[in-house]
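Sequence plus predicted model, see below.
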Amino acid sequence: GAVVSQHPSWVICKSGTSVKIECRSLDFQATTMFWYRQFPKQSLMLMATSNEGSKATYEQGVEKDKFLINHASLTLSTLTVTSAHPEDSSFYICSAISSGVSYNEQFFGPGTRLTVL
Amino acid sequence: DAKTTQPPSMDCAEGRAANLPCNHSTISGNEYVYWYRQIHSQGPQYIIHGLKNNETNEMASLIITEDRKSSTLILPHATLRDTAVYYCIVRVAGGATNKLIFGTGTLLAVQP
């Protein structure tokens, strides 16, 4: 199946700093990527939909100025957590849709664990 | 909001079949049933999907009732590596912007 990677796999940062997480589709072009957040023992919560070359669409309650999403190419989307605080500590997961698959299946990355001290 | 209902947890003995139920009584005619699983601290993994016919692949079988209001995911010979949270999701297929909305899922614990 199609492969999606994330970098870094984990990151620890100080409160107030910004952190960038990359999501790459390695062997396919992804016109649409999604960003999820998952707190311990909870389900995945969709944060935003990222379309290549256009602004991201954020879910209700997600601050677009805090979670900056850029989808500059068909294989790369980035999520920047600006001025991170301890409550932003979470598992961030991206997924990508392969336009080449008839049913537009979503492929998930391995996730990035963010810890804000 | 998620459109499916699943039991929060289930146990299964290693080597036996694991049958995971899902209720989706409000499913629309153009919505598919998808199953994903998430092993601890990893990204979700696609398992199988179907519209109205039963489906089988190398990982599992999907049984959908005739009225499509419920389905069952079957892992024919569960192993310890199948311990994970299993998510049943309904969505329209074929649209590039269609989102996957995850419910709470079922934590399947395969016991040795």
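In hand now; what should we look at? Note that the coordinates shown come from a computational prediction; the quantities given were computed from them, not determined experimentally. Numbers count the residues shown, from 1 in each chain, chains lettered A, B, ... in the order given.

low-scoring stretches of chain A, by residue?
Applying pLDDT under 70 to chain A flags the ranges A:1, A:99-104.

and if we set it to 50?
Scanning chain A for pLDDT under 50 picks out no residues.

Could you list the contact residues of it toward chain B?
Within chain A, the positions adjacent to chain B are A:1, A:4, A:6, A:31-32, A:34, A:36, A:43-46, A:49, A:51, A:91, A:93, A:95, A:97, A:99, A:102-111, A:113 by Cβ under 8 Å from any Cβ of the partner chain. In short, each C-beta sits where N, CA and C put it, glycine included.

For the single nearest residue of chain A relative to chain B, which residues are in contact?
Minimum separation of chain A from chain B (Cβ to the nearest Cβ) falls at A:Phe108, amounting to 3.6 Å. Listed by Cβ atoms under 8 Å, 6 or more residues apart in numbering or on different chains, the contact set of A:Phe108 reads A:4, A:93-95, B:36, B:43-46.

Any figure for the gap between the residue nearest to B:Gly43 when sequence neighbours are not counted and A:Thr57?
Among residues not flanking B:Gly43 along the chain, A:Phe108 sits closest, at 3.6 Å (Cβ to Cβ, 6 or more residues apart in numbering or on different chains). Distance, A:Phe108 to A:Thr57, by Cβ to Cβ, to the nearest Å: 19 Å.

host element of residue 34?
Since no chain was named, I'll use chain A. Here A:Phe34 is covered by strand A:30-38, with elements defined by DSSP states H and E.

could you do chain B instead?
strand B:31-38.

In the sheet, which strands lie alongside that strand, parallel or antiparallel?
strand B:45-50 (antiparallel), strand B:84-92 (antiparallel) (DSSP bridges).

following the longest one, which helix or strand comes up?
Spelled out, that is strand B:84-92. From strand B:84-92, the next helix or strand downstream (DSSP H and E) is strand B:106-111.

how about B:Arg81, secondary structure?
Recorded secondary structure, B:Arg81: helix (DSSP: H, G, I helix; E, B strand; the rest coil).

residue contacts, it?
So B:Arg81 contacts B:39, B:110 (Cβ under 8 Å, 6+ apart).

try 10 Å
If you count contacts by Cβ atoms under 10 Å, 6 or more residues apart in numbering or on different chains, B:Arg81 has them with B:14, B:39, B:110.

Alright, that wraps it up for me.
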